[in-house]
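S.K.: Can you look at this prediction? I've put the sequence above it.
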Amino acid sequence: MVKKLVMAQKRGETRALCLGVAMVVCAVITYYILGTTVLPLYQKSVWTQESTCHLIETNIRDHEELEGKKVPQYPCLWVNVSAVGKWAMLYHTEDTRDQNQQCSYIPTNLDNYQMARADVEKVRAKFQEHQVFYCFSAPRVNETSVLYQRLYGPQTLLFSLFWPTFLLTGGFLIIAMVKLNRSLSILAAQK
């Protein structure tokens, strides 16, 4: 009876130890992936200064109205604001600026022109309703663009690191409890 109990306890300890090690390994792999994807984007984001933006004008440009360059096949919302004492072009996120520098907001549904137009109209109405709002500007003097929302801010970084930290801590706790259980069972067997 005692031998069966010891064997079952040893199998359970081995399984718990494997679970703890697997959790630690998964956390380390996740930290590596986040360190090579999210962290560089966070470090490259130059829009760190929170400012108050005052709406100057909004305009919806259809693809026929945009002159020259590569013309998008969707309605384009163009927003001018006054931020940090100067005129600036507002972009929804960092990715919006990279995708098309002529548009402040790119609609999510680009397949259907009418739905995209309705989406842009809704966003324009929200900007006109709230004339003063918070935005993010770059501390550089010659920067003429601001962001409405940062994709790669400190909150995103902390949220991304929460689960790997939880996994790492849980794995170390499981390993520590197994080691503590083994040492206590050895002490109890010696007495």
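M.R.: That came through, no problem.

S.K.: low-scoring stretches of the chain, by residue?
M.R.: 1-9, 63-72, 84, 141 (pLDDT under 70).

S.K.: mind checking the longest strand of it?
M.R.: Assignment by DSSP state E gives strand 49-61 as the longest strand of the chain.

S.K.: for it, which positions count as buried?
M.R.: For strand 49-61, the neighbour count (16 or more other C-beta atoms under 10 Å) marks Ser51, Cys53, Leu55, Thr58, Ile60, Arg61 as buried. C-beta here means a position set from N, CA and C on the backbone, and glycine is covered the same way.

S.K.: which other residues reach it?
M.R.: For strand 49-61, the surrounding residues in contact (C-beta atoms under 8 Å, 6 or more residues apart in numbering) are 75-84, 87-88, 90, 102-103, 117, 120-121, 124, 127-128, 130-139, 146.

S.K.: among those, which are in strands?
M.R.: 76-83, 87-88, 90, 132-137, 146.

S.K.: Show me which of those are buried.
M.R.: Neighbour counting over the ones in strands among the contacts of strand 49-61 (16+ other C-beta under 10 Å) leaves 76-79, 81-83, 88, 90, 135-137, 146 as the buried ones.

S.K.: What is the nearest of those residues to Leu17?
M.R.: Of all those, Leu17 sits closest to Phe136, with 46.5 Å by C-beta to C-beta.

S.K.: hang on, that closest one packs against Trp47?
M.R.: Yes: with contact defined as C-beta atoms under 8 Å, Phe136 counts as touching Trp47 (4.0 Å).

S.K.: where do the contact lists of these two overlap?
M.R.: Val146, Leu147, Arg150.

S.K.: Closest to Met23 out of those?
M.R.: Arg150 (31.2 Å).

S.K.: What degree of burial does the closest one show, as a neighbour count?
M.R.: Residues lying near Arg150 (other C-beta atoms under 10 Å) number 18.

S.K.: which residues does the closest residue to it other than its chain neighbours bridge with?
M.R.: Nearest non-adjacent residue to Arg150, counting by C-beta to C-beta, 6 or more residues apart in numbering: Phe136, 5.3 Å away. Note on Phe136: beta-bridge partners by DSSP bridges are Glu50, Leu147.

S.K.: Next up, the contacts around Phe136.
M.R.: The neighbours of Phe136, taking C-beta under 8 Å, 6+ apart as the test, are Trp47, Thr48, Gln49, Glu50, Ser51, Val146, Leu147, Tyr148, Gln149, Arg150.

S.K.: Please tell me how far the residue nearest to the spatial centre of the chain sits from Arg97.
M.R.: Geometric centre of the chain, nearest residue: Thr156, 3.8 Å, by C-alpha atoms, centre = their mean. Note on Thr156: its distance to Arg97, by C-beta to C-beta, to the nearest Å, is 17 Å.
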